[in-house]
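1. Here's my sequence, what's the structure:
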Amino acid sequence: MKKAVALLIFGFVVIVLLFVTGTVYTVREDKQVILTQFGKPVGEPVSEAGLHFKIPFVVKVNEIEKRVLAWDGASSQMPTRDKTYIRVDTFARWKISDPLTYFRKLTNERRALSRLDDILGSETRNAVARHDLIEVVRSTKDRKPQATDILVEKEIDFDVIKVGRRAIEQSVFETAKTKLEDFGITLLDLRFKRINYNSEVAPRIYQRMISERQQIAERFRSEGAGEAARWKGKMEREVKKIESESYKSVQSILGDADAESTRIYAEAYGGTPEQESFYEFVKTLEAYDDILDDKTTVILSTDSELFKLLEGAE
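-> Next comes the predicted model:
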């Protein structure tokens, strides 16, 4: 009899515990709950943390994340507008803003991540396909001036960034955010984590980079050579100007000295015809001394003053 009573009490306690545990449930701070009855949601989502009650055994508790969640997409190969294949690795942050819609359309996080793969991956491919490679890998925002910037101002034919990587990321974000709102998901941010060249086109890309840098170097060398030639020409003009002025000054000094010498000679020899003839004779000898040497052959007529002079000397 006592054993039967003990078993009865034990069974009653077990039933009470099962009833209590089936009636009471806890909502954590980082969770929100959707109650379902026979697989269908009932009532409003429960987002307030603490103890809550439900109909036991019939109503099921489905926990949904309240925190910001991460999506890390697989690296995918895709073409740019200029037919260059690249691998883009994308990541995003999202949260469940409408748990009831989220649960009805996606049910769980695994299916949500699959939907994110489809939408974010598709929008990324579409955005990349609408832009050239340089727009995808570079951005004009907050970047330091480069040599190409100087050459662009000088009308060198280099690609100029009009959109940029950050703007492309933003366009993907805006489009995907609108689509994900239909699933009760709010997209918080999206970025390109890494962009790599396809192994087949990488050599061509690197060759293009080398060619651009060589063109930049050649332009600078050409400008440097032109500048050097300009300064060299200016220097030669200055040298010729200085030499011309110096020659002019020398000739002026020599002329003044010659005039002074003539004046002194004239004063020294007086002004008589004999003295003037002697002076003329001396100047003539000086002139002949300058123009004649031991290798000079002179043919003179009998009327020549030099012939008469030499004949008189004999």
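
2. three-state assignment of residue 188?
-> strand (DSSP: H, G, I helix; E, B strand; the rest coil).

3. in the stretch 51-200 of the chain, which spans are strands?
-> Per DSSP state E, counting those that start in this stretch, the stretch 51-200 of the chain carries strands over the ranges 59-65, 69-72, 76-79, 85-96, 185-197.

4. Mean confidence (pLDDT) on the second one, please.
-> Strand 69-72 carries an average pLDDT of 94.

5. All further residue positions should be reported with the first residue as 609.
-> That works, and once the first residue is 609, the last one we named lands at strand 677-680.

6. which of the residues in that strand are buried?
-> For strand 677-680, the buried set under the neighbour-count rule, 16 or more other C-beta atoms under 10 Å, comprises 677, 679. Where C-beta positions appear, they are placed from N, C-alpha and C, glycine not excepted.

7. That one pairs with which strands, parallel or anti?
-> If you go by DSSP bridges, strand 677-680 pairs up with strand 693-704 (antiparallel).

8. Likewise for the last one?
-> Using DSSP bridges, strand 793-805 pairs in its sheet with strand 693-704 (antiparallel).

9. now the angle between strand 667-673 and the partner strand, please.
-> Interaxial angle, strand 693-704 versus strand 667-673 (axes from the mean of the first three to the mean of the last three C-alpha atoms, to 10 degrees): 130 degrees.

10. Show me which parts of strand 693-704 are buried, residue by residue.
-> Neighbour count says strand 693-704 has 694, 696, 698, 700, 702, 704 buried, by 16+ other C-beta under 10 Å.

11. Widest-spaced pair of the residues you listed?
-> Spatial extent of the buried residues of strand 693-704 (C-beta to C-beta) is set by the pair 694 and 704 at 32.2 Å.

12. got the end-to-end distance for stretch 668-681?
-> When the termini of stretch 668-681 are compared using C-alpha to C-alpha, to the nearest Å, they are 32 Å apart.

13. residues near residue 859, how many?
-> Residues contacting residue 859 under the criterion other C-beta atoms under 10 Å number 10.

14. repeat for residue 666
-> 11.

15. burial of the closest residue to it other than its chain neighbours, as a residue count?
-> Nearest residue to residue 666, sequence neighbours excluded (C-beta to C-beta, 6 or more residues apart in numbering): residue 645, at 5.8 Å. Residue 645: 13 surrounding residues under other C-beta under 10 Å.

16. likewise residue 818?
-> 10.

17. any idea how far it is from residue 735?
-> 29 Å (C-beta to C-beta, to the nearest Å).

18. Residue 819 now?
-> 28 Å.

19. what's the answer for residue 714, then?
-> 24 Å.

20. Neighbour count for these two, which is higher?
-> Using other C-beta under 10 Å as the criterion, residue 714 and residue 735 rank with residue 735 on top: 24 against 20.

21. Sounds good, over and out.
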